[in-house]
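Asks: sequence first, then the predicted structure, then my questions.
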Amino acid sequence: MGLTGFALRFVIFIGFLLFYGLVRAQNARAEIFRSNVEYRKAMNREFADPLTTPLTEEGLIIFSALDFFPVKPKYRVVSKLELTPDEKPFEMQRSKGNTGTYRKYGELTFKLNGKTCKLSVYQYLKLLNDSIHSDDLFLPFKDLTNGKQTYGGGRFLDLKIPVGDELIIDFNQAYNPLCCYGNPRYSCPIPPAENHLNIKILAGEKKYNEK
């Protein structure tokens with residue numbers, strides 16, 4: 001028995017929705033790859049330029065490129081932002097024993113590798129009155145790759161205050177603290193204990209090894 005006109009239109013409509021969803025998913029994946037390729041090219045240009053590199057003179061001579069995990073779309077997650085407006089400023093420890101003054105802006109909740117995760121995101125108080133960086137958010141974190149595939153002191157992400165209560169976290173763009181490259185002029189924030197994840201984040205920048 002053939003399909004009725006209504007049933008046929010319904011099947012065509014469902015097929016269109018599935019096709020449209022597939023195209024959107026493919027486009028989203030392509031954009032994740034494109035944006036991360038550009039991000040990594042920009043980082044390598046910065047490191048290779050004597051005017052902007054955080055490397056020492058000796059390190060710059062032997063530098064070829066930073067080492068990253070392959071880009072994986074699953075490490076780009078949408079998190080739920082819960083603001084914490086009553087938090088008071090605090091001193092975040094740095095690698096040389098000094099501190100920087102930060103304020104906890106909120107908590108980000110998301111799912112990754114089947115687990116519900118939570119990370120705190122911070123504002124650096126020195127930037128609050130800066131016209132360019134006043135909406136910057138700082139996300140330092142540690143995970144189970146530290147000291148193995150990635151730098152032992154954790155990694156960072158730079159984010160922006162969102163319009164609503166959702167914030168995209170792309171762990172493919174996680175980067176190393178500048179103090180890991182052997183230059184003694186840097187002192188880097190140490191991720192607070194509340195931002196230690198009990199999972200592996202196999203994304204972003206790997207441990208830096210001088211060749």
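Replies: On my side now, so go ahead.
Asks: when you work out contacts or count neighbours from here on, use the C-alpha atoms and nothing else.
Replies: OK.
Asks: next, Leu137: phi, psi?
Replies: Summarising the backbone geometry of Leu137 under the convention degrees, to the nearest 10, its torsions are phi -120, psi 140.
Asks: pull the contacting residues for it.
Replies: By C-alpha atoms under 8 Å, 6 or more residues apart in numbering, Leu137 lies in contact with Tyr105, Val121, Tyr122, Gln123, Tyr124, Asp158, Leu159, Lys160, Ile161.
Asks: please report how far it lies from Lys160.
Replies: Here the criterion is C-alpha to C-alpha, to the nearest Å. By it, Leu137 lies 5 Å from Lys160.
Asks: which of the contacts of Leu137 has the most neighbours?
Replies: Comparing those by number of neighbours (other C-alpha atoms under 10 Å), Val121 comes first, having 25 neighbours.
Asks: just say helix, strand or coil for it.
Replies: State at Val121, reduced to three classes by DSSP: H, G, I helix; E, B strand; the rest coil: strand.
Asks: that one and Ser79, how far apart?
Replies: As it turns out, when the distance is counted by C-alpha to C-alpha, Val121 lies 12 Å from Ser79.
Asks: which residues in this protein form strands?
Replies: 76-83, 90-93, 99-112, 115-124, 136-141, 155-160, 166-170 (DSSP state E).
Asks: with distance to Leu197 and mean pLDDT added, can I get these in a markdown table?
Replies: Formatted as a markdown table, the entries for the strands of the chain read as follows, by distance: least, C-alpha to C-alpha, whole Å; pLDDT from 0 to 100:
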| stretch | distance to Leu197 | mean pLDDT |
| --- | --- | --- |
| strand 76-83 | 15 | 97 |
| strand 90-93 | 18 | 97 |
| strand 99-112 | 11 | 97 |
| strand 115-124 | 7 | 97 |
| strand 136-141 | 7 | 98 |
| strand 155-160 | 12 | 98 |
| strand 166-170 | 14 | 97 |
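Asks: most packed of the ones you listed?
Replies: strand 136-141 (a mean of 21; mean count of other C-alpha atoms under 10 Å).
Asks: ok, back up a step: so which of the strands of the chain gets nearest Ser64?
Replies: Comparing the strands of the chain against Ser64 with C-alpha to C-alpha, the closest turns out to be strand 155-160 (20.9 Å).
Asks: give the intersection of the neighbour lists for Val121 and Ser79.
Replies: The contact sets of Val121 and Ser79 overlap at Leu108 (C-alpha under 8 Å, 6+ apart).
Asks: ok so, going back, between the contacts of Leu137, which is closest to Leu112?
Replies: Within the contacts of Leu137, distances to Leu112 taken as C-alpha to C-alpha reach their minimum at Val121, with 17.3 Å.
Asks: any idea what that closest one is bridged to?
Replies: Here Val121 sits in beta bridges with Gly106, going by DSSP bridges.
Asks: give me the pLDDT for the closest residue to Tyr186 other than its chain neighbours.
Replies: Spatially, and ignoring its direct neighbours in sequence, Tyr186 is nearest to Cys179 (5.1 Å; C-alpha to C-alpha, 6 or more residues apart in numbering). Per-residue confidence at Cys179 stands at 92 (pLDDT).
Asks: all good on my end, thank you.
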